[in-house]
Structures are given as C-alpha cells and as structure tokens.
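*Asks:* Quick one, what's the 3D model for this:
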Amino acid sequence: MKLLKGIGIAVGVCVAAEAAVTAYFYKRTMRRNKGTANNERTIKMAGTDWDVYMPLIQQRKERMLAEPHEDVYEMSHDGLKLHATWFPQGDQKKVVICFHGYTSQGMSDYIGLSDYYMKRGFSMLLPDARAHGESEGKKIGFGCLDRHDAMMWIRWVIDRCGEDVKIILHGTSMGAATVLMTAALDPPEQVMGLVSDCAFTSPKHVFTHVLHSMYHMPAFPIIQLSDLLNRLLSGYGLDECNAAREVQKTCLPGLLIHGSKDNFVPCSMCDEIYKNYAGPKRKLIVKGAAHAESYYKNMSQYEDALDEWMEDLA
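*Replies:* A predicted model of the protein is given here:
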C-alpha cells in the first residue's frame with residue numbers, strides 16, 4: 001500500500017508539474033504580454049543581430065515618417081478595434097498591405113522595405129495584428145484568426161482606393177503565415193499576389209521546434225495540452241491552420257523568401273510550403289540570413305527578386 005501511495009503521489013506531482021509548465025507556456029506564448037519585454041525575448045530567441053542594421057533602419061524610419069500618413073481603425077468581425085497606419089502614395093492605385101511578425105507591430109517590420117515600395121509608387125497599409133501594437137485583443141491569432149482580419153483590411157483598401165486598385169500582400173514570419181492562409185480564403189480579384197518572408201507552417205510545428213532546439217525539452221505533452229487550452233480559450237487548434245496545407249487552395253502568384261540560417265523558423269518549412277503551393281510560385285533562399293534578416297542581409301538580391309516577380313504580375 002505504501003508503494004502504491006508513493007507511486008500515486010509521484011504521478012500527481014508529475015501531472016501538476018506538467019500542468020504548471022503548460023499554463024506558463026500558454027500564457028507567455030499565446031496570450032498578449034504588454035510592454036517591450038515580450039518582443040525583446042522574441043528577438044533574442046530568433047537570434048538576429050539587429051544592432052548591425054540600426055543606422056540604416058533609423059535613417060529609413062525618419063524618411064518614412066516624413067511621408068504623409070494617418071492612423072486607421074476598423075472593427076473586426078468579432079468586435080475588436082484594430083489599428084493600422086496608412087501611407088498614401090501617388091494615385092493610390094498600387095497598394096501593399098504589410099503584415100508583421102510575432103510580438104512586433106506594423107510600424108516596426110517594414111521600415112526597411114518602405115524605401116523599396118514607396119520609390120515604386122506603392123501606398124502602404126501597415127496593420128497591427130490583433131493583440132499587438134495599438135490593436136485590441138488578448139488572444140494571439142498566429143495567422144488562423146488574423147487571416148480574417150487581413151480580408152477586412154483588403155476590403156478597406158478597395159473601399160478607400162477604388163475597384164481598380166491593385167493589391168499585394170507582404171508578410172514576415174507570423175505575418176507571412178497570415179498572408180499564406182489568407183490566400184486560401186479566395187480574396188478579391190484586386191489582390192494580385194503575395195510575398196511570404198520566413199513563414200512557419202503552423203504554430204504547433206514552430207513551437208515544437210523551439211522547445212526541442214532552444215529549451216531542450218520534449219514537446220509532449222506541453223504542445224498537446226496547449227493545443228487543448230487554445231481550442232477552449234481562443235477557438236482554434238495549433239495545427240488547425242497550417243500554411244503548407246492552406247496554400248494548396250490558392251491560385252495567387254507567390255514569392256516565398258527564407259534565410260538559410262534561420263534557426264527560429266527552419267528553412268525546411270519554406271521548402272514544404274513551396275512544394276505544396278498551388279499557384280504560380282518563386283522561391284528565394286538568402287544565404288547566411290537569420291530569421292527575418294533576408295532583406296538586410298542581401299538587399300539587392302531581395303529587391304531583384306521582388307522586381308522579377310512583379311514583372312510576372314503585369
């Protein structure tokens with residue numbers, strides 16, 4: 001009896017420990033954490049040395065903010081007030097909607113690329129994803145919820161710029177997963193194509209990779225319990241919206257970009273998405289680039305790839 005009692009206590013302690021770890025993982029990963037600490041933690045985990053590029057980023061930020069711009073607020077289908085920043089250019093008939101990465105915000109991830117797009121006459125819409133920046137919400141969407149918000153912003157651009165507007169979707173990391181999942185929703189004909197930079201296949205896969213490679217922890221049962229929690233509290237499973245599956249449903253032209261040294265979202269995820277992509281497609285793997293670093297690592301190669309891809313859209 002003492003042995004059975006001891007076993008029971010040990011099992012209870014293990015279950016309680018796993019529950020505590022899962023609760024902590026869920027709170028830190030899938031719920032909004034206000035302040036800069038969460039974004040700093042993500043940057044540290046991703047491993048990209050942004051200090052190298054700060055002089056260029058600061059220069060382009062000043063130039064970008066000198067352009068006319070305005071705050072835009074729209075209500076999501078589930079009642080969240082979402083924010084974006086609008087930079088109109090020229091006749092506003094060419095628009096790129098830019099979707100940022102996990103724990104970032106619209107005005108952070110596209111400072112560098114603003115130079116590329118604005119010089120080519122593109123107006124830019126930079127949304128803050130739900131539970132990020134100035135947008136409301138506590139539950140992070142990881143593309144699964146954000147794809148519906150993306151459709152809302154597409155409709156906003158059409159209403160603002162007219163039925164003859166041409167739209168490109170450009171996403172980075174979680175934002176890239178968002179545009180890939182949006183492509184499967186049959187967006188309006190004004191959407192000409194999408195650019196996906198370092199997308200993950202699904203939250204389940206990227207979390208599993210992070211637990212293994214960075215924390216040296218087994219994914220089971222943390223991922224399975226977190227999946228259950230997220231289904232109950234946020235309404236979607238961690239592999240319910242998988243970009244590698246969703247892109248089988250699109251005919252939109254796509255440019256898929258990834259860094260060969262991305263240790264946060266492995267380059268193999270880009271290969272899987274590309275293999276399954278049903279529409280016309282191009283792929284660029286930037287040698288030596290870490291997570292979300294491809295544009296800065298080889299700017300000319302990145303911009304040339306965009307130029308060639310856009311020529312196909314014409």
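*Asks:* C-alpha only now, for contacts and for neighbours.
*Replies:* Noted.
*Asks:* mind checking the SS state of residue 95?
*Replies:* At residue 95, secondary structure determined by DSSP: H, G, I helix; E, B strand; the rest coil is strand.
*Asks:* Which strand residues bridge it?
*Replies:* residue 123, residue 167 (DSSP bridges).
*Asks:* residues in contact with the closest residue to residue 203 other than its chain neighbours?
*Replies:* The spatially closest residue to residue 203, leaving aside those adjacent along the chain, is residue 238, at 5.3 Å (CA to CA, 6 or more residues apart in numbering). Shown in contact with residue 238 (CA atoms under 8 Å, 6 or more residues apart in numbering): 202-204, 227, 230.
*Asks:* Most neighbours among those, which one?
*Replies:* Looking at the contacts of residue 238 with neighbours defined as other CA atoms under 10 Å, the largest count falls to residue 203 at 25 neighbours.
*Asks:* would you list the contacts of residue 238 in a markdown table and tack on pLDDT and secondary structure?
*Replies:* Output for those, formatted as a markdown table (pLDDT from 0 to 100; DSSP: H, G, I helix; E, B strand; the rest coil):
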| residue | pLDDT | secondary structure |
| --- | --- | --- |
| 202 | 95 | coil |
| 203 | 92 | helix |
| 204 | 93 | helix |
| 227 | 90 | helix |
| 230 | 90 | helix |
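*Asks:* for these, which one is nearest residue 184?
*Replies:* The nearest member of the contacts of residue 238 to residue 184, counting by CA to CA, is residue 202 at 14.6 Å.
*Asks:* gap between that closest one and residue 270?
*Replies:* Plainly put, residue 202 is 12 Å away from residue 270 if you go by CA to CA, to the nearest Å.
*Asks:* ok, which stretches of this structure are strands?
*Replies:* 70-75, 81-87, 94-99, 123-127, 166-172, 191-197, 254-259, 281-286 (DSSP state E).
*Asks:* could you redo the ones you listed as JSON lines and give each row mean neighbour count, distance to residue 117 and mean pLDDT?
*Replies:* Rendered in JSON lines, the data for these read as follows (neighbours: other CA atoms under 10 Å; distance: least, CA to CA, whole Å; pLDDT from 0 to 100):
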{"stretch": "strand 70-75", "mean neighbour count": "14", "distance to residue 117": "17", "mean pLDDT": "98"}
{"stretch": "strand 81-87", "mean neighbour count": "20", "distance to residue 117": "11", "mean pLDDT": "98"}
{"stretch": "strand 94-99", "mean neighbour count": "26", "distance to residue 117": "8", "mean pLDDT": "98"}
{"stretch": "strand 123-127", "mean neighbour count": "26", "distance to residue 117": "8", "mean pLDDT": "98"}
{"stretch": "strand 166-172", "mean neighbour count": "24", "distance to residue 117": "11", "mean pLDDT": "98"}
{"stretch": "strand 191-197", "mean neighbour count": "24", "distance to residue 117": "13", "mean pLDDT": "98"}
{"stretch": "strand 254-259", "mean neighbour count": "26", "distance to residue 117": "16", "mean pLDDT": "98"}
{"stretch": "strand 281-286", "mean neighbour count": "18", "distance to residue 117": "19", "mean pLDDT": "98"}
